[in-house]
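J.: Pasting a predicted model and its sequence here:
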Amino acid sequence: MPFSVEEFHDLVRILEERPEWRSELRRLILTDHLLALPEQMTELRAYTEQRFQALATAQQRTEERLTALAAAQQRTEERLTALATAQQRTEERLTALATAQQRTEERLTVLAEAQRRTEERLTTVSTQLADLIQVVQTFATDLGDLKGRNLEYAYGTKVYAYFSRLVRRAHALAPDELTSLLEDAIDRGILSEEQAEDVSLADVIVRGRRRTDGAEVFLVVEVSWGVGPLDVERAMRRASLLAHTGTPALPVVAGTWVTPEAANLARAQQVWQLTNGRAIPPE
């Protein structure tokens, strides 16, 4: 049956007055899918709200992380800046050290050159000093020889002054007298040529009369500026050889001073000592 406009308006008025009918009418007019749309929309809205809240929370966490990252980035940049500054200072120090090292090497080179020149000078001075020492030693040896010869000459010429306390009528044998004495001893087979040559090297040989009994004796004298044990031994050996001629021979050492070793040996071996003209008899 036809449905008029007035009836439609009446239906609308009735539906407005009876809300429960509207639900029933909707159930009859709309499909199940359309009826479910409001509930689905509500669920969708609730889900969307949840997702939005989750996204908002995630966004907040992201922003917090970004803030933290920004702060960390700032700290990193500050550290990098500090490292760059420290690196620059380190490079400056290394440059200063390299410069100082170069100056040190230059100074060492200068010092090495100065050391080399000093060593060359020292070598030259050492050579000159060695030459000077050799000259001084030669001079000292020559001076010692000269002193010894002068002293030997004094003992050979001033016989009475030095030997009168040992013997009377002291007489220093001249070279020809000593030669004749030794040649006779060689001819008689008393002395060998080597022994006679050893006796001939005595500094002074004096003949005289012993004061105790007047017997003839020889004094075999070894003269040295400073008398040592070797002088005592030579005087003993040569006096012993000369005594082979049949005339007693007394060993004598003479000088300006006598070493303690030589003095002890002379006393023990019955050797006379003459120091500056003073006679010291053997014990």
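T.: Looks like it arrived, so ask away.
J.: tally of neighbours for R234?
T.: 19 (other C-beta atoms under 10 Å). Bear in mind the C-beta positions are built from the backbone N, C-alpha and C, glycine included.
J.: what's the answer for Q134, then?
T.: Each residue near Q134 was counted by other C-beta under 10 Å, and the total is 10.
J.: quick one: V252 is in a strand?
T.: Yes - under DSSP: H, G, I helix; E, B strand; the rest coil, V252 falls within a strand.
J.: For it, give me the pLDDT.
T.: V252 is assigned a predicted lDDT (pLDDT) of 93.
J.: What ranges does the stretch 51-200 of the chain have for its helices?
T.: Secondary structure of the stretch 51-200 of the chain by DSSP state H, counting those that start in this stretch: the helices cover 159-163, 175-187, 193-200.
J.: What is the burial count for A170?
T.: 18.
J.: pLDDT below threshold where in the protein?
T.: Where the chain drops to pLDDT under 70, the residues are 1-3, 5, 27, 30-38, 133, 135-148, 152, 283.
J.: picking up where we left off before, which of the helices of the stretch 51-200 of the chain sits most buried?
T.: Comparing the helices of the stretch 51-200 of the chain by mean neighbour count (mean count of other C-beta atoms under 10 Å), helix 159-163 ranks first with a mean of 19.
J.: Return the residues in contact with T256.
T.: Applying C-beta atoms under 8 Å, 6 or more residues apart in numbering, we find T256 in contact with 151, 225-226, 275-276.
J.: closest to A58 among those?
T.: Proximity of the contacts of T256 to A58, judged by C-beta to C-beta, is greatest for G226, which lies at 118.1 Å.
J.: Grab the nearest non-local neighbour of that closest one.
T.: Counting by C-beta to C-beta, 6 or more residues apart in numbering, G226 lies nearest to W257, which is 5.5 Å off, once chain neighbours are set aside.
J.: what sits against A46?
T.: Shown in contact with A46 (C-beta under 8 Å, 6+ apart): no residues.
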